[in-house]
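Asker: Got a sequence here, can you build the structure:
(2 chains)
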Amino acid sequence: MATPKRTTRVIATYNIKGGVGKTSAAVNLAHLAARDGHPTLLWDLDPQAASTYLFRVRPKVKGGGRGLLRKRGQAAAHIKATDHDRLELLPADFSYRHLDLALDQFKRPAARLRKVLAPLRGDYDYIFLDCPPSISLVSEAVFEAADALLVPVIPATLSSRAYEQLEELARGGHVGRHGTTAIFAFFSMADVTRPLHLKVMERLRRIDDVTVLGAAIPVSDEVELMGEERNPVTVFAPASAAAVAYAALWSELQRRLAPEG
Amino acid sequence: MTARGDLVTFDWPLDAVRSALADRYSAISSGGAGIALRDELDKLVCRVTVRAVPGDSFWLALEPLRGYGDDAERIRQRLLAAGFQTEEAWKSARVALDPSERADVAVARVLRRLLEIQDANLPGSLADADVEFLHDYRVAIRRARSVLREMRGVFVPDELEPVRADLKWLQDRTSATRDLDVYLEEFHALRARAPLTMRASLEPIEPLLRERRARARAEMERALIGDRALALRARWGELLGRLERSEHTPGPDAARPVGALAGERIRRVHRRMVRMGRAITPASPPAEYHELRKRGKELRYLLELFGEPLFDPAVVRPLVRALKGLQDVLGLHQDREVQIEMLRDLGQELVGRPGGADALMAIGSLIDRLEADAVEARGRFAASFAEFASEAQGKLVAQAFR
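Answerer: Numbering: from 1, shown residues only, chains lettered A, B, ... in the order given. This is a model prediction of the structure:
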C-alpha cells in the first residue's frame, strides 16, 4: 500500500537528575515501538553511553559530536542497526560531554539538534532521545527538537523536588520553541509497599500543570538485570511487571501523541 | 545434483563458517539455513543464509546490519579465503565482455553464466527451503529468454525457436508457485496493516492460499524433474556448447562486434519504451502499463548484462537509476492490480467456508485500499516516466550506446 506521509514523533527522555530510569525508559519504549512495526531510532546523547552499551554497540562516533552537528546529513552515516528489527541507534560518543561547547558555536544553538534530526524524520516513525542529566544548552536544544519530553520521576521527596524545578521551567505545561513540546511525567522505580512513595505519587498526580501518565514503572530486579542481559526488559523478561508497565506506558504515550483526527 | 535434481540436504556448514571466523566473530545457528554472526561485544553484525548447490558445496548470502559494512567486508574476505562462495556467485550474472569480440562468443558467455545460476537454484527451489531460490531460478530463465530475444540475430531461427519455446514452457511451470509465494508474503503485509478489528475476519484466507500453493508446488515439482525438463536442459546445454565452440550455424549478427550489437539493441528498446510510455494516459487500461513494464525489464536486463560491462558507467548508471524508479512505480501498479484480482478470486472460494461472509466484507475494504494505491501509482507514473524519457537522457542514450 502507499506509504502515507510519515508523521515522525520525537520523544526525549529527560530529567535534571541522573539515575532515575531515563535510559531504561528510552530503551524499552523504543523497542516496543519497533516491535509494533514502527521504524524507530534512538539517539544516545548521554556521554555515559548506557543505552549504547545496552544495545551492544561500540560508543564511538567518528568525528565526535562536533562533526555530527556540523554537517547536514552527517548523522545518517553513523546510525547502526540494533539486534532488533526496525530499531536503529545513533550511538553515544565520549565527546558528547562537550556537546554544550559544540552547540555554542552555532548561531542558534537551541535549534541545532532539530536541524540535525530533520533529514532523518522521513525514515522513522519515532525518534527517541536519551538525554544526559543536566540543565544546559544540550537540554535546551533537546526541548526544541522534541515533540514530547518524557520525564521519569522517582516518587521520593528529593527527586520530586527536581520535578518541581522542571515544572517551573515548563510553566504552563510546555517547553521548546513556541512552547509546542508537550511534557509527560511518569513514575519510575516506584515501590508501592512504601507509604512515602504512595504519598508522593498521590500528591504529584494532583498538580495540574503537568500530565502524569497512568502507568508507573515498578522498582524491579529485571530493570537492574538489563545491564547484565544487555537487552530491553521487553525482550528478555516480557512477562515481568516492569515489561508490562512499559507496554502500558507506551500505549498511553502513543495515544497521546497520535495525530489528531 | 543428480540428473533428476535430487534434493540436497540442508545439512549446513556452520562449523566451517565458525572456524573461518573464529578469532573475531561468533557464529550461531539462527534456525533453518540461517547463521547469526556476532562481534566481540556479542553484537549481531551480519546475518548469513546458506544455500547448498550442486556438487556438495555451499554458497552464502551475507546480509550486513546497517553500520556494520566494514565487518561484513572482512567476513566476506575470510569466507572466500575459506573456500565459500558468497552471494555474487549466484546473484551476479555479469561476466567480463570486450566490445570488439564476436557477438556469438560474448552471448554464449552470458548465457552460460545464466544457466549456471539457474542450475544452482534448482535444488533449493525443489526443496522449498527459501522462496528466494525459486525467485532467482526464474530470474535466470527470464534473463536468458530476454538475451535470446534481443540477441536473436546471433542465431538462426531453427536453432533458436525451440529453445525459446522450451524456456518459456519451463518458466510457465513455475509461475503459479511464485505468484502464491508473493501473495502469501503480501497477504501478511496486508494483514499487518489492516485495522485490528478486521484481522480476525481475514484469517480464513491464509489456509486457502496455502492449499493453493501446495497444489501449485506439487505440479511444479513434477514438471521440474520430469522428462521434458530434463530433455530441455540437455538440449539447451548442447546448443550453448556448440555456440561456445563456434560449431553452431551463425545467424546474421553472429560475427558482429558485441559492443555494436548490444548498443543498437539498447537504443532500440529505449526508443520503443519512450514511444510506448508517451501513449499512456491516466485513463489507459492496466494492460498498457504492464506491457511497458515488461519492456522495461527487457531494457534492464540488457543494461545489466551488456550495458554495464561494455559501456561508460557514467551513462549506464543514471539510466539504470531512472529506469528503476519507473519500474518501481509500474511494479507497484501491477502488484496492486494482481492483488485485487487475487482477492476477488479468493472471494468466490471463501463464500462456502466458515467465516467466509466476514472475510468477504474485509476483502471488500482491502480492495478499496488497494485500488486507491493503484490510482496513486498512476498519479506518480507521469513524473517518473518524464525523468526516464527526458530529452537529455535520450540524447545521452543515442550518443553513448554506439
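Asker: For the rest of this, base every contact and every neighbour count on C-alpha atoms.
Answerer: Fine.
Asker: Could you tell me how many residues sit around the residue of the stretch 51-200 of chain B found nearest chain A?
Answerer: Among the residues of the stretch 51-200 of chain B, B:Gly67 lies closest to chain A, at 4.4 Å counting by C-alpha to the nearest C-alpha. Neighbour count for B:Gly67, taken as other C-alpha atoms under 10 Å in any protein chain shown: 19.
Asker: With the one 3 residues further on instead?
Answerer: By other C-alpha under 10 Å, the residues close to B:Asp70 number 11.
Asker: from the middle of its chain, how far away would the strand or helix carrying it be?
Answerer: Per DSSP states H and E, B:Asp70 falls inside helix B:69-81. Taking C-alpha atoms, centre = their mean, to the nearest Å, one finds helix B:69-81 lying 25 Å from the centre of the chain it belongs to.
Asker: ok, then the element right after that helix?
Answerer: Following helix B:69-81 toward the C-terminus (DSSP H and E): strand B:85-86.
Asker: Tell me how far the residue nearest the centre of chain B lies from B:Ala192.
Answerer: Geometric centre of chain B, nearest residue: B:Val139, 3.7 Å, by C-alpha atoms, centre = their mean. The gap separating B:Val139 from B:Ala192 is 28 Å, by C-alpha to C-alpha, to the nearest Å.
Asker: cool, and A:Arg114?
Answerer: In terms of C-alpha to C-alpha, A:Arg114 sits 32 Å off from B:Ala192.
Asker: who's more crowded, those two?
Answerer: More crowded of A:Arg114 and B:Ala192, by other C-alpha under 10 Å: A:Arg114, with 18 against 13.
Asker: Could I get the buried residue list for the helix or strand encompassing the more buried one?
Answerer: Element membership for A:Arg114 (DSSP H and E) is helix A:112-117. For helix A:112-117, a neighbour-count test (16 or more other C-alpha atoms under 10 Å in any protein chain shown) marks A:Arg112, A:Leu113, A:Arg114, A:Val116, A:Leu117 as buried.
Asker: Adding pLDDT and distance to chain B, write these out as TSV.
Answerer: Output for the buried residues of helix A:112-117, formatted as TSV (pLDDT from 0 to 100; distance: C-alpha to the nearest C-alpha, whole Å):
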residue	pLDDT	distance to chain B
A:Arg112	93	24
A:Leu113	94	21
A:Arg114	93	23
A:Val116	94	18
A:Leu117	95	18
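Asker: Look through the stretch 301-402 of chain B and state the residue closest to chain A.
Answerer: Counting by C-alpha to the nearest C-alpha, the stretch 301-402 of chain B gets nearest chain A through B:Asp373, at 5.6 Å.
Asker: My guess is that residue contacts B:Gln334. True?
Answerer: No - B:Asp373 lies out of contact with B:Gln334 (C-alpha atoms under 8 Å); the separation is 10.6 Å.
Asker: after the helix or strand bottoming out on mean pLDDT in chain A comes which helix or strand?
Answerer: None of the helices or strands of chain A scores lower by mean pLDDT, DSSP states H and E than strand A:174-175, at a mean of 58. Next in sequence after strand A:174-175, counting helices and strands by DSSP H and E, comes strand A:181-187.
Asker: how about that following strand as PDB, C-alpha atoms only?
Answerer: Extracted C-alpha coordinates of strand A:181-187, given in PDB (Å, rounded to 0.1, in the frame of the first residue of the first chain):
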ATOM      1  CA  THR A 181       6.800  20.500  23.300                       C
ATOM      2  CA  ALA A 182       4.400  18.500  25.500                       C
ATOM      3  CA  ILE A 183       5.700  17.300  28.800                       C
ATOM      4  CA  PHE A 184       4.600  13.900  30.200                       C
ATOM      5  CA  ALA A 185       5.900  12.700  33.500                       C
ATOM      6  CA  PHE A 186       5.700   9.100  34.700                       C
ATOM      7  CA  PHE A 187       6.700   7.400  38.000                       C
END
